[in-house]
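Chemist: fold the following and give me the result.
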Amino acid sequence: MIKRVVLLKLTEEYANTAGRDKVARHAQRVLPLLPGVVRVEVGQVAIVDDAPPPEWDVTLMVELERIEDYPRYRDDPDHRAFLDEFLKPRTVARASQNFIIEEPPE
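Modeler: Here you go, the predicted structure:
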């Protein structure tokens, strides 16, 4: 199993509860439909009253069955539109990494 973890820093306009929710809801609608995707989890920052402003606002965790599925997912036109037309105008920074998740031994 491959887990792709993406961290998003939203623009000032979207770095609030309503903005984070809009990004999260849209990701939950689009990402599960992309080729190779097995599961999608979306998280929003947990704000603690006395903490400094968050470094990241939203995380996207996309599971693929195998690493060979990644290019098809990455290059899919709907994924490109999600990135280029939806996320890019709403983010100031993004970090991402693919991880191999080993199944626990039985």
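Chemist: give me the three-state assignment for the closest residue to residue 42 other than its chain neighbours.
Modeler: Excluding the flanking residues, the one nearest residue 42 by C-beta to C-beta, 6 or more residues apart in numbering is residue 24, at 4.6 Å. (Glycine included, C-beta is placed from N, CA and C.) Three-state assignment for residue 24 (DSSP: H, G, I helix; E, B strand; the rest coil): helix.
Chemist: for residue 24, give me its contacts.
Modeler: Residue 24 makes contact with 42-44, 58 under the criterion C-beta atoms under 8 Å, 6 or more residues apart in numbering.
Chemist: for residue 101, grab phi and psi.
Modeler: Backbone torsions for residue 101, taken as degrees, to the nearest 10, come to phi -110, psi 110.
Chemist: list the contacts of it.
Modeler: Neighbouring residues of residue 101 by C-beta under 8 Å, 6+ apart: 1-3, 63.
Chemist: could you pull out the helices for this protein?
Modeler: Counting by DSSP state H, the chain has helices at residues 17-30, 70-75, 77-81.
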